[in-house]
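Participant: coords below, sequence missing:
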């Protein structure tokens, strides 16, 4: 599993929005400038975030984007799953139920399932609030 730029940039966008007043709409060009991300690429990502109702958009003067909920209600896992699709470490775990013809006899499947669960548990345990309030709690993330 490798997190793409789309997933990493989605996290950066969400963190940027979380660091600002939830009642204020942030223009996409301002976020792009602060995050050093192409505005065109951000439009693709923000569309997915908006469709999933993670962000709300407003057109026109004073428009932009803002979070629809409090930062502590968004998990890194939910954002990455939205943009990446799957965080599964192997292809056979990407669909449920597992349709691999070797699943019944696969000696490595339990190992991959455990890794998949560890990845999910880890990313679901981190919220946007954790990322914006980094102090001495052991959260020292670079995205």
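Facilitator: Yep, that arrived. Just so it is clear, the model here is predicted, and its values are computed rather than measured.

Participant: So residue 129 is in contact with residue 69, correct?
Facilitator: No: Residue 129 is not in contact with residue 69 according to C-beta atoms under 8 Å; the separation is 10.8 Å. Using the backbone N, CA and C atoms, a C-beta is placed for each residue, glycine as well.

Participant: where exactly do the helices run in the chain?
Facilitator: Per DSSP state H, the chain carries helices over the ranges 5-18, 28-35, 39-51, 76-84, 109-124, 128-132.

Participant: Give me the spatial nearest neighbour of residue 37, chain neighbours excluded.
Facilitator: residue 9 (5.4 Å; C-beta to C-beta, 6 or more residues apart in numbering).

Participant: and if you look at residue 23?
Facilitator: residue 66 (7.3 Å).

Participant: got it, and residue 100?
Facilitator: Leaving out its chain neighbours, the residue that sits closest to residue 100 by C-beta to C-beta, 6+ apart is residue 92, at 3.9 Å.

Participant: hang on, the earlier thing: I'd like the helices of the chain laid out as JSON lines, including mean pLDDT.
Facilitator: What follows is the helices of the chain, written out as JSON lines (pLDDT from 0 to 100):
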{"stretch": "helix 5-18", "mean pLDDT": "97"}
{"stretch": "helix 28-35", "mean pLDDT": "95"}
{"stretch": "helix 39-51", "mean pLDDT": "97"}
{"stretch": "helix 76-84", "mean pLDDT": "97"}
{"stretch": "helix 109-124", "mean pLDDT": "95"}
{"stretch": "helix 128-132", "mean pLDDT": "95"}
